[in-house]
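In: Build me a model from this:
(one chain, ligands or ions: 1)
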Amino acid sequence: MSTTSAPPALAQSRSVLTAIPGPRSMALARRRAAAVAAGVSSVLPVYVARASGAIVEDVDGNRLVDLGSGIAVTSVGAAAPEVVAAVAAQAADFTHTCFMVSPYEEYVEVCERLAELTPGTHEKRSVLVSSGAEAVENAVKTARRATGRDAVLVLDHAYHGRTNLTMAMTARAMPYKTGFGPFAGEVYRVPTSYPLRDPAGMTGAEAAARAIDVAERMVGADRVAALVVEPIQGEGGFVVPAPGFLPAMAAWAQAHGIVLVVDEVQTGFARTGAMFACEHEGVVPDLIATAKGIAGGLPLGAVTGRADLMDAVHPGGLGGTFGGNPVACAAALASMALFESLDLVGAARAIEAVVRAGLEPVADASPAVAELRGRGAMLAVELVRPGTLEPDRAAAAQVARACAAAGVLVLTCGTWGNVVRLLPPLVIGRPLLEDGVEVLAGALRALPA
Ligand SMILES: *Cc1c(COP(=O)(O)O)cnc(C)c1O
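Out: This next block holds a predicted model:
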C-alpha cells in the first residue's frame, strides 16, 4: 500500500448515495440490452463515470471500493497519473504503425524490461501481443515449433482464455466452452495440486507424481511440447498448489525436453508479493506468458523466454496487427517504473497482512468458509455448505451481492463458482482496504452457520 506521487483525482473513500445499481445505471442497462450481445455479461451492472486509485465512481455518483482491479489489471491504480501522462504523450506522437510494418523504440524497450523483470538470468527474447489468451497461444506455438512435438499438457481447474486453443486448455465448460466446440486437438489435462480437496496430507511431490503418472500413461513424455501451468490458479479458484508441486513438475519437464510455460497472466507483476508468482517456489520458466497487470489498463500481453526457444520460430511466424501497440507500450513502461518506484511487491505483502487480519477471525469462526488462501494481493475464501466440502455457489453470489449493495466490488471464481476473490489495486490505501475488508467480513458473517 503506497501512494502515487500525484494524489488520485477521486476521494479515496466509499460513498453510496443510491440503490446499487442506481437509476442512471438502470437506464444504461436498458440501452445495453438492445445493443450489446447477451453473451457478454457484467459482474456488477453499475456503469462507470470515472475511476482513480482504488475507487470506481458510477454514473449515479456512488463511489465504490474496487477490490477487483478489472480482474487484476489496474494494479498501479485506475488512471495512475504517470500512466495517463505517458499514454497522452505517446498518442500525440503516433498511435499506430504496426511493428511488423515500421517498428518503434517503445516495443523494443518493453521487451528489454521484460527480460530484466522476469525470472532467470539467461538470454531472453519477447513477442508482444494484445491479450492474455494470445500470449498463451503464442507460447504454445513457440514450444511446438522449437520442439517439433505437438502435445500440450494442462492442469485440472486451469483457465487460459477464450480463443479456440485456449478454450481447449481451459478446464471449465460453463460458461467458457459450452456449445463452442470442436476444440483444438492434442491438449491433455492432468490432475493438479488442490490442497483443500486432495487427500489429507498429500504433499506437492505426491501431487506432481500423480500428474506425471497420468501424463506418461496417457500421452508419453516424448510427445509433449509444453507443460502450461498457472503458479496460482486464477479463475479456477485461487488454488495455491502444495509446496514442491511446481518444482517437481518443472524438474520432470526439464528432464524430458518439455517446454515449461508459466501462465502469469493473472499472477504476474507484483500481484502475489513477488514480481512473478513462480519466484515463490524458485521455478524459472522456459517461457512466461503475461498480460493483465502489465500496462495499467491498456491491452498488452507478452511471451518472454529462452532466446533459443523464441528464436526457433521463423521470421514472420509471430505477430499481429495491433500486437505491442505503441500507446500500450508507453503505458507498460510507465507502469513498470511504478512497480519499482512504489515498491508494489512490498505493497502486495502489506495488503495480504491487512486482509488476513480482517478475514481470519471470520474464516476461523464460520463453518461456511472452508479456506482463506492465496498470496499477496491475490486472496480468496472458498465457501461450502457448513460441515461439508460441498461447494456453495449461492453463498459466494450472496456475499458478492451484499458487498456490491454496500459499495464494495468483489469478484467470484472457482470451478464451482463458490470462491470470493480479492484483487485490489496495489496502490490501495490502508483505510480504504480495511473498510472494504470489513464489509466483506460482515457479508461472510451473515452466511447461515
Ligand atoms: C485472464 C487470463 C487469461 C486470458 O487473458 P485475456 O486477456 O482475457 O485473453 C489467461 N490466463 C490466465 C491465467 C488468466 O487469468
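In: pLDDT at the closest residue in space to A91 that isn't next to it in sequence, what is it?
Out: In space, A91 comes closest to V327 once its chain neighbours are excluded; the distance is 5.4 Å by C-beta to C-beta, 6 or more residues apart in numbering. Where C-beta positions appear, they are placed from N, C-alpha and C, glycine not excepted. In the prediction, the pLDDT value recorded for V327 is 98.
In: Next, the buried residues of whatever helix or strand V327 lives in.
Out: In this assignment (DSSP states H and E), V327 forms part of helix 326-341. Burial within helix 326-341, assessed by neighbour count using 16 or more other C-beta atoms under 10 Å, is assigned to 326-336, 338-339.
In: May I see the domains of the chain written out as residue ranges?
Out: For the chain, automatic domain parsing gives the domain ranges 23-76+343-445, 84-341.
In: just to revisit the earlier point, from what I see, the residue nearest to A91 and D93 are in contact.
Out: No. At 9.3 Å, V327 does not count as touching D93 under the criterion of C-beta atoms under 8 Å.
In: For whatever residue of the chain ends up closest to the ligand, give me the pLDDT.
Out: Using C-beta to the nearest ligand atom, G132 is the residue of the chain that sits closest to the ligand, at 2.2 Å. Among the per-residue scores, G132 holds a pLDDT of 98.
In: Angles on the backbone of it, please.
Out: Dihedral angles of G132 (phi, psi; degrees, to the nearest 10) stand at phi -70, psi -40.
In: ok, now the one 4 residues further on?
Out: According to degrees, to the nearest 10, the main-chain angles of V136 amount to phi -60, psi -40.
In: What distance do you get for it to A289?
Out: As judged by C-beta to C-beta, to the nearest Å, V136 and A289 stand 5 Å apart.
In: ditto for M310
Out: Here the distance between M310 and A289 works out to 12 Å (C-beta to C-beta).
In: which of the two has more neighbours?
Out: Between M310 and A289, counting by other C-beta atoms under 10 Å, A289 is the more crowded of the two (30 against 23).
In: give me the beta-bridge partners of that one?
Out: Each beta-bridge partner of A289 is listed here: D263, V303, as defined by DSSP bridges.
In: what do V136 and A289 both touch?
Out: Common neighbours of V136 and A289, using C-beta atoms under 8 Å, 6 or more residues apart in numbering, are V261, D263, V265.
In: filter those residues down to the ones near the ligand?
Out: D263, V265 (C-beta under 6 Å from any ligand atom).
In: out of the shared contacts of V136 and A289, which one sits closest to R421?
Out: The shortest separation between R421 and any of the shared contacts of V136 and A289 is 14.9 Å, and it belongs to V265 (by C-beta to C-beta).
In: Please name the nearest non-neighbouring residue to that closest one.
Out: Nearest non-adjacent residue to V265, counting by C-beta to C-beta, 6+ apart: G132, 3.7 Å away.
In: phi, psi of the nearest residue to H122 once chain neighbours are set aside?
Out: For H122, the nearest residue in space outside its immediate sequence neighbours is R306; the separation is 6.0 Å by C-beta to C-beta, 6+ apart. The phi and psi torsions at R306 (degrees, to the nearest 10) take the values phi -50, psi 130.
In: Can you name the residues that contact V48?
Out: Counting by C-beta under 8 Å, 6+ apart, V48 makes contact with V56, E57, D58, V59.
In: let's see 10 Å
Out: S25, V56, E57, D58, V59, L64, D66, G70, A78 (C-beta atoms under 10 Å, 6 or more residues apart in numbering).
In: ok, now which ones touch the residue lying closest to the third one once chain neighbours are set aside?
Out: By the measure of C-beta to C-beta, 6+ apart, the closest residue to E57 outside its immediate chain neighbours is R50, 4.7 Å from it. Residues counted as contacts of R50 (C-beta under 10 Å, 6+ apart) are A9, L10, V56, E57, D58, V59, R63, A78, A79.
In: for the residues you listed, which one is nearest P386?
Out: Distances from P386 to those, taken as C-beta to C-beta, are shortest for V56 (33.1 Å).
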